[in-house]
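Participant: fold the following and give me the result.
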Amino acid sequence: MAKEELPGVLILDIGGTHGVLENIAALLKKHFHLITMKEFLGNKEEMGKKIQSVFVFECRPVINRELLESLPNLKVIGNSGVGVDHLDLRMISSFGVRVTNTPHAVADPTADMGMALMLASARRLVEGNVLNFPGS
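Facilitator: Predicted coordinates:
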């Protein structure tokens with residue numbers, strides 16, 4: 001499938017402080033034509049028609065009424081996190097757009113980290129490390 005035939009997905013950026021991680025961008029490129037917010041803002045009229053999806057990574061880009069009004073062919077907003085509290089679901093659905101998320105993506109790592117912190121606290125591992133290695 002040629003790049004032009006792939007559905008467009010709006011992302012904030014690739015890499016950098018708040019952009020989509022490069023390995024995620026590589027996966028998205030297999031199924032979508034990636035359009036960064038900078039490209040979109042440079043030519044809203046043309047790019048807005050190509051975008052059928054928005055990939056929200058770390059709560060960015062911000063989904064507001066102005067953005068939704070400029071994306072006439074938008075079908076879905078994919079949120080890469082667990083919750084959707086940062087999205088106005090009622091407003092988004094009024095545009096006929098669906099929202100998805102990944103509710104179980106970080107369940108195991110979160111539980112692992114919680115257990116590690118409890119064990120470290122109960123066994124005073126951090127204090128033991130500092131006592132055994134002064135000056136570190």
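Participant: need the per-residue pLDDT for the nearest residue to L12 once chain neighbours are set aside.
Facilitator: Across the structure, with C-beta to C-beta, 6 or more residues apart in numbering as the measure, the residue nearest L12 apart from its sequence neighbours is R60 (4.4 Å). For the C-beta atoms, the positions are set from N, CA and C on the backbone; glycine is no exception. Per-residue confidence (pLDDT) for R60: 93.
Participant: how far does the worst-scoring helix or strand of the chain on mean pLDDT sit from its chain's centre?
Facilitator: Between all helices and strands in the chain, the lowest mean by mean pLDDT, DSSP states H and E belongs to helix 125-132, at a mean of 73. For helix 125-132, the distance between its averaged C-alpha position and the chain's averaged C-alpha position is 37 Å (C-alpha atoms, centre = their mean, to the nearest Å).
Participant: which phi and psi does the residue nearest to L12 have?
Facilitator: R60 has phi and psi values of phi -130, psi 140 when expressed as degrees, to the nearest 10.
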